[in-house]
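Trainee: got a predicted model here, sequence first, then my questions.
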Amino acid sequence: MIKPYYQDTYAAIYLGNCLEIMPELEAIDLVVTSPPYNNWRNKRTQASRASYWERTNITYKSYSDKMSDQEYRQWQIKIINSCLAILKETGTICYNHKDQIYNFQVTSPLEWILESNATYRQRITWNRGGMQAYNPIRFYRVEEDIYILGRNTSYKWNKDCAKYLSIWEINPSPKEGHPASFPSEIPKRCIKAFTHNNDLVLDPFMGSGTTLVAAKELGRKAIGIDIEEKYCEIAVNRIEKAIKRDRMSFHFDRKEKKRGEIWN
């Protein structure tokens, strides 16, 4: 059994390759994740200035995010199938990705999703409200997608979350020490929609731990995996801060309750 990099009552973090770690995990209720996009070739069609590249593209600490199209496609199919293998029958995968554009041609993540073993249920459009473009040659893109996948068509669902609709207008978040962190509202909506209290949430590309913090704040347990120790450290710090905030809030509520009892 692989030893966690960090573990407490609410969360466990593993440092390493998610394809090697996931088979060791217990059954999962929900996967919320956003893998590296393999968009290294964009640099050929954009300005050569290093400052522009750093500002508009994702650069990881040590992971190169540089694969051939076919290699990346097969890797993503393996990722989805590995998530599916440990997903409960009523579980869901929320897979954040976007179209890949190269040489004026678009490749949709749906192409490899349909090659996986997952059941494709729905696509949510995330309107980021902004774009990253230079010398535009097409309509500005302001969206990414969240693909809703699962084992079958019977799954855990909280119908009150239908109010979010299929287009989510959520501004990007500060980077939180990671070049591609998504806003906490995304995992929060997914967690509210597809889990109940104390259910287990997994993010195999955890990054700075946004999914884990969201799960903690909503009363769920979570597991995160990342290949970069730097990001594991950031995630641990964020989780510990969330635990500290909870304790402070608990003590404040108790004091207020006692004060009310005195006045009553």
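Mentor: Nice, thanks for sending it over.
Trainee: what are the ranges of the strands in the protein?
Mentor: Applying DSSP state E to the chain gives strands spanning 6-7, 11-15, 28-33, 87-97, 100-102, 105-107, 119-127, 143-150, 167-169, 200-203, 221-226.
Trainee: what lines up beside the fourth one in the sheet?
Mentor: Yep, that's strand 87-97 we're talking about. Using DSSP bridges, the strands paired with strand 87-97 are strand 28-33 (parallel), strand 143-150 (antiparallel).
Trainee: again with the second one
Mentor: Its sheet considered, strand 11-15 pairs with strand 6-7 (antiparallel), strand 221-226 (parallel) by DSSP bridges.
Trainee: please apply the same query to the fifth one.
Mentor: Each strand pairing with strand 100-102, determined using DSSP bridges, is listed with its direction: strand 105-107 (antiparallel).
Trainee: got the contact list for the partner strand?
Mentor: Strand 105-107 is contacted by residues Asp69, Asp99, Gln100, Ile101 when judged by C-beta atoms under 8 Å, 6 or more residues apart in numbering. Where you see a C-beta, it was placed from the backbone N, CA and C, and this is true even at glycine.
Trainee: what number of residues lie near the closest residue to Asn127 other than its chain neighbours?
Mentor: Nearest-residue entry for Asn127: Glu169, 4.6 Å, with adjacent residues in sequence omitted and distances by C-beta to C-beta, 6 or more residues apart in numbering. Glu169: 13 surrounding residues under other C-beta atoms under 10 Å.
Trainee: now do Asp145
Mentor: Neighbour tally, Asp145, other C-beta under 10 Å: 17.
Trainee: check Glu20 too.
Mentor: 12.
Trainee: list the contacts for it?
Mentor: Counted by C-beta under 8 Å, 6+ apart, Glu20 has contacts Ile2.
Trainee: ok, now Glu144?
Mentor: Per C-beta under 8 Å, 6+ apart, neighbours of Glu144: Asn96, His97, Lys98, Thr125, Trp126, Arg128.
Trainee: quick one: it from Lys98, how far?
Mentor: According to C-beta to C-beta, to the nearest Å, Glu144 stands 4 Å off from Lys98.
Trainee: same question, Asp69
Mentor: 15 Å.
Trainee: who has more neighbours, those two?
Mentor: When neighbours are counted by other C-beta under 10 Å, Asp69 and Lys98 differ, and Lys98 comes out ahead with 16 against 12.
Trainee: quick one: the helices in this structure?
Mentor: 18-21, 50-56, 69-85, 110-113, 185-194, 210-217, 229-263 (DSSP state H).
Trainee: weakest of these in terms of mean pLDDT?
Mentor: Of all these, the minimum mean pLDDT falls on helix 50-56 (a mean of 46).
Trainee: picking up where we left off before, which one of the contacts of strand 105-107 has the most neighbours?
Mentor: Gln100 (19 neighbours).
Trainee: what distance do you get for Val32 to Met206?
Mentor: According to C-beta to C-beta, Val32 stands 10 Å off from Met206.
Trainee: how about Leu25?
Mentor: 13 Å.
Trainee: which one's more surrounded, those two?
Mentor: A count of neighbours by other C-beta under 10 Å puts Met206 above the other of Leu25 and Met206, at 28 against 20.
Trainee: what's the neighbour count on the nearest residue to that one once chain neighbours are set aside?
Mentor: Closest residue in space to Met206, ignoring its immediate chain neighbours: Gly224 at 3.2 Å, by C-beta to C-beta, 6+ apart. Using other C-beta under 10 Å, Gly224 is surrounded by 33 other residues.
Trainee: what do you get for Glu217?
Mentor: Glu217, neighbours per other C-beta under 10 Å, totals 16.
Trainee: just Val31 next, same as before
Mentor: 28.
Trainee: mind listing what it touches?
Mentor: Per C-beta under 8 Å, 6+ apart, neighbours of Val31: Cys83, Leu87, Gly91, Thr92, Ile93, Cys94, Tyr95, Val201, Leu202, Asp203, Pro204.
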